[in-house]
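Pasting a predicted model and its sequence here:
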Amino acid sequence: MVLSSDTSKWQIFPWVDIDGLWPQTAKLVNGCIYWTIGMNDARVLNTATMQFSRMDKPPRRRGNEILTAGKTKDGRLCVVCAPLGPLTFESVLAVWIRRADDDGVERWMLDKSLPLQEIAGIVRCEFKEDNVKYQVTVRTIIDGFVYFSAYCGVWQHHHSTLWLLSFCLETAALNKLGRILSGVSYPYIMPWPCSLVGTQQANQLIQLKTHNSLL
């Protein structure tokens with residue numbers, strides 16, 4: 001089922017047996033649903049034909065990784081690999097893009113790597129200390145932007161700081177968007193409401209009404 005943010009109505013699609021795969025771990029990209037967690041290869045469900053297929057994953061780097069599927073600005077399939085702890089200065093957030101090689105064969109190619117040391121610097125986390133837990137979790141990938149959270153917490157005080165950041169796949173720009181209160185937050189893009197698009201005259205009118213109400 002899909003909920004439209006414009007009409008607030010649900011759209012129901014045909015049922016399909018996903019054979020024990022958890023919907024929570026899947027990502028919808030260009031009409032296909034990708035499961036990339038906990039298996040040697042990816043499972044792909046085409047929502048137009050309701051048929052399953054298999055796809056190889058990008059080559060493994062060092063240690064355990066969590067893979068998240070998404071798409072680039074021009075609509076290409078991509079996967080972001082986030083390492084699981086313990087994290088070190090050598091840990092990176094790796095971006096793989098599915099494209100044709102010189103022989104015309106579709107395969108995964110490493111596009112960009114974001115050092116976790118750079119992420120730690122922007123959120124001011126000294127994760128090299130023994131009593132600090134540092135974790136990066138990819139939330140979603142939308143139109144060429146990777147949205148992820150960076151967690152920095154001190155074990156003995158149970159104090160944590162959770163930041164939401166974005167990484168542009170086109171320019172490699174890393175931006176800190178702000179704090180988030182929960183680890184289950186999910187970013188999404190919605191149409192900009194016309195009522196929130198202000199003009200200079202509208203802003204002056206609002207200020208005048210606010211001033212008069214205080215008199």
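Arrived safely, thanks for sending. Residues are numbered from 1 along each chain as shown.

what ranges do the helices span in the protein?
116-122, 200-214 (DSSP state H).

Out of these, name the one with the poorest average pLDDT.
Mean pLDDT is lowest for helix 200-214 out of those, coming in at a mean of 45.

Please work out how many residues are found near Leu169.
23 (other C-beta atoms under 10 Å). (Glycine included, C-beta is placed from N, CA and C.)

Let me see the contact set for it.
Residues near Leu169 by C-beta atoms under 8 Å, 6 or more residues apart in numbering: 72-73, 78, 95, 111-112, 144-146.

Show me which of these is closest to Ser5.
Closest to Ser5 out of these is Phe145 (18.4 Å), distances taken as C-beta to C-beta.

give the contact list for that closest one.
166-169 are the contacts of Phe145 under C-beta under 8 Å, 6+ apart.

Please pick the buried ones from these.
166-167, 169 (16 or more other C-beta atoms under 10 Å).

that older thread, what about the contacts of Leu169, which are in strands?
Counting by DSSP state E, the part of the contacts of Leu169 found in strands is 78, 95, 111-112, 145-146.

And those, which two are furthest apart?
Spanning the widest gap among the ones in strands among the contacts of Leu169 are Asp111 and Phe145, at 13.8 Å by C-beta to C-beta.

is Ala69 in a bridge, and if so with what?
Val79 (DSSP bridges).

Am I right that it is in contact with Thr25?
No - between Ala69 and Thr25 there is no contact under C-beta atoms under 8 Å: 10.5 Å.

Identify the contacts common to the two.
The contact lists of Ala69 and Thr25 share Thr36, where a contact means C-beta under 8 Å, 6+ apart.

what's the burial count for Gly75?
Neighbour count of Gly75, defined by other C-beta under 10 Å: 10.

Which residue ranges of this protein form strands?
Along the chain, counting by DSSP E, strands occupy 2-3, 10-11, 26-29, 32-35, 42-46, 51-55, 65-71, 77-83, 92-100, 106-115, 132-142, 145-154, 159-168, 174-179.
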